[in-house]
Structure formats: structure tokens, C-alpha cells
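Chemist: When you get a sec, could you give me coordinates for this:
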Amino acid sequence: MITSVQGSVIAINDRTITLSVGPLGVDITLPHTGTLSIGSSITLQTYLHWHQEQGFSLFGFFTSLERTLFLTIIDCSGIGPKLALALLEQLTPESLVNGVQADDKQLLATVPGIGIKKAEHLLVQLRHKLPKILEKHPLDPASKTHDHWHTVAQVLDSLQYGKNEINSAIFHAKTNIPSSHSFDLALRKALQFLSKT
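Modeler: Below is the predicted model of the structure:
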């Protein structure tokens, strides 16, 4: 099993990067690539996935919590790597954990491909797995104060923006502000993006 990879980024394409690892160029699929640039030297925790029709795929993660959540999510019935990546792309690991703790099906349902019924099904399965995750990866208590994305989504929804617009605006804002931020800054960045589209 390949559990980690270190190398230099030589190509970026949507969620997939090509990493130069010695004489090899390795394609790795990530939840998000917004902070990366060509030439960046990075170390990723990885998971090698086998699909009967598509063969091997290598998935990469910036933190052990991201990797643990990904593995936990794909262990849930009816959820594959594509939806697991979408969850980690749309929600920070901390906001996902907080959402499961709060039994917030509306938060999970903001992720493309996950409706209310699938969100409810996922919450039932994740709720029982969460204590073990938090035992290995305790969250910073301050993470709750920085988790504004669900509220931002609610505000944008009240302003009559569509689900796809909201998802795009939140993704843009997440990749353009510091991890420690105020709600006002998060909402302002999202609205700025929507005003230009």
C-alpha cells in the first residue's frame, strides 16, 4: 500500500495533479488543488483504490484527518470515492465533523450529488464512526468558531441564488481566504464572486 508520496507538482488539472517522484510522474486525485502551483514541493498522505473496471487510482490528502474521513466515508454503503471527494472539497474536514455531530443533513445536502435522503443515510452511518475518528484526530475547539460555510450557504440561499451558484461561490471563497477567518469575510468573498458571474 502506498501511504504517502513526496514530490514536485508538474501539472494541475481540476482535481488531479501530476507529481514528479524521482523518475516517475504520478497522477494523484485530491479533494482540492486551489492552493497548489506548478513547482510546489509537497508531501501527501495517500490511498490506493482499486476499481474493477477503472483499475487503480491514487488519492492524496494534505492531512491525516482528511485521509481518515475519506476512508470512513467510502466505507459507508452507497458512497464511492467520487462523492467522498466532493464532500471533502465542499466542506472542510472540521465543518464535516461538526455537521455530523450536529446531525446537520442540510449541510451535507449542499454537496453536489448528495440530496437530503442520501445525507440522512450518510449521517446515520458516520455518527457511529465519528468517536473513533475524534479519538485519533481531536479537533481544535476554535474550529467551530471558524466554521461559517453552512451559514454563508443559508444566506445565499435566502438571496435566491441557485445551488450550483452557491457551491461555486463557497469553493471560490474557501480557496481565497485564510483558514482562520470571520463570517463577514467569508460572505463578502462569496458575494464578490457571484457579482462577477
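Chemist: In three-state terms, label T43 for me.
Modeler: Assigned with DSSP: H, G, I helix; E, B strand; the rest coil, T43 falls in the strand class.
Chemist: who are the neighbours in contact with it?
Modeler: Applying Cβ atoms under 8 Å, 6 or more residues apart in numbering to T43 gives the contacts 4-6. Just so you know, the C-beta spots here come from the backbone N, C-alpha and C atoms, and that holds for glycine as well.
Chemist: Could you dump those residues into TSV with distance to I17 and pLDDT added?
Modeler: Putting these into TSV (distance: Cβ to Cβ, whole Å; pLDDT from 0 to 100) gives the following:
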residue	distance to I17	pLDDT
S4	15	93
V5	10	94
Q6	13	95
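Chemist: from those, which is closest to F61?
Modeler: Of all the contacts of T43, S4 has the smallest distance to F61: 9.5 Å, by Cβ to Cβ.
Chemist: could you say what helices and strands the helix or strand of the chain with the lowest mean pLDDT packs with?
Modeler: For the chain, scoring each helix and strand by mean pLDDT, DSSP states H and E identifies helix 149-158 as the least confident one, at a mean of 80. Under the contact criterion of 3 or more Cβ pairs under 8 Å, 6 or more residues apart in numbering; DSSP states H and E, helix 149-158 touches helix 93-101, helix 105-108, helix 163-174, helix 183-196.
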